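Asker: here is a sequence together with a model predicted from it:
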Amino acid sequence: MKKSILIVLTIVSLSLVNCNKDNAEDTNPSGEFVTCKVDGVDFRASADYDTTAATKTNGILTIQGSDNSGKAIHVLIHNYIGEGTYHTGDNLSNTNSLSYITVNPVASWMSTFDVGSGTLEVTTDDDNTVEGAFFFEGYNADNQTTKSITNGSFKANFQ
């Protein structure tokens, strides 16, 4: 009987440790995140370091989240006025951009001006935190490839 109880307690303890480890890997202590799918593959900004950030200066919103392998999502919105929907890639005069960037190899896939197409929806902006969703079709002019960025979501504290 004691042996059975010991086995059950060991299994429960290991299960709890594994659950806590999984949750710790997925949660940035500040609550910030940038997640999406890149051509169907999950991307998540690292929770190991403070790799997610946002700034709002002179009507320009920037948001970035990067992982430990040098991949990043970067958002740049001009004429930012708060909560609402912002587009990229819809005309030559639109300087907003959504980008997926890698450092190995050095490359970027963007939606900006009249290249690609994308949408950023800001659902919350309380002057401390910005939150919302995004998707875009990014284009790499160097190798003329595209990447589909879907199911994007973010929450970032203003710096």
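Answerer: Now that the structure is in, tell me what you want to look at.
Asker: tell me the helices in the protein, going along the chain?
Answerer: Listed in chain order, the helices of the chain (DSSP state H) span 2-26.
Asker: show me where it has strands.
Answerer: 33-38, 41-44, 52-57, 60-66, 71-77, 84-88, 97-103, 106-112, 117-125, 129-140, 145-157 (DSSP state E).
Asker: wait, what's in contact with the closest residue to residue 74 other than its chain neighbours?
Answerer: In space, and not counting its chain neighbours, residue 74 is closest to residue 99: 4.4 Å by C-beta to C-beta, 6 or more residues apart in numbering. Every residue, glycine included, has its C-beta placed from N, CA and C. By C-beta atoms under 8 Å, 6 or more residues apart in numbering, the contact set of residue 99 is 72, 73, 74, 75, 76, 108, 109, 110, 111, 112, 138.
Asker: which of the residues you listed count as buried?
Answerer: Among the contacts of residue 99, those classed as buried by 16 or more other C-beta atoms under 10 Å are 72, 73, 74, 75, 76, 108, 109, 110, 111, 112, 138.
Asker: re the thing from before, including mean pLDDT, could the strands of the chain go into JSON lines?
Answerer: Compiled in JSON lines, the strands of the chain are given as follows (pLDDT from 0 to 100):
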{"stretch": "strand 33-38", "mean pLDDT": "97"}
{"stretch": "strand 41-44", "mean pLDDT": "98"}
{"stretch": "strand 52-57", "mean pLDDT": "96"}
{"stretch": "strand 60-66", "mean pLDDT": "97"}
{"stretch": "strand 71-77", "mean pLDDT": "98"}
{"stretch": "strand 84-88", "mean pLDDT": "98"}
{"stretch": "strand 97-103", "mean pLDDT": "98"}
{"stretch": "strand 106-112", "mean pLDDT": "97"}
{"stretch": "strand 117-125", "mean pLDDT": "98"}
{"stretch": "strand 129-140", "mean pLDDT": "98"}
{"stretch": "strand 145-157", "mean pLDDT": "97"}
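Asker: can you list the residues that contact stretch 134-154?
Answerer: 33-40, 52, 63, 65, 73, 75, 88-89, 98-100, 107-111, 115-121, 130-133.
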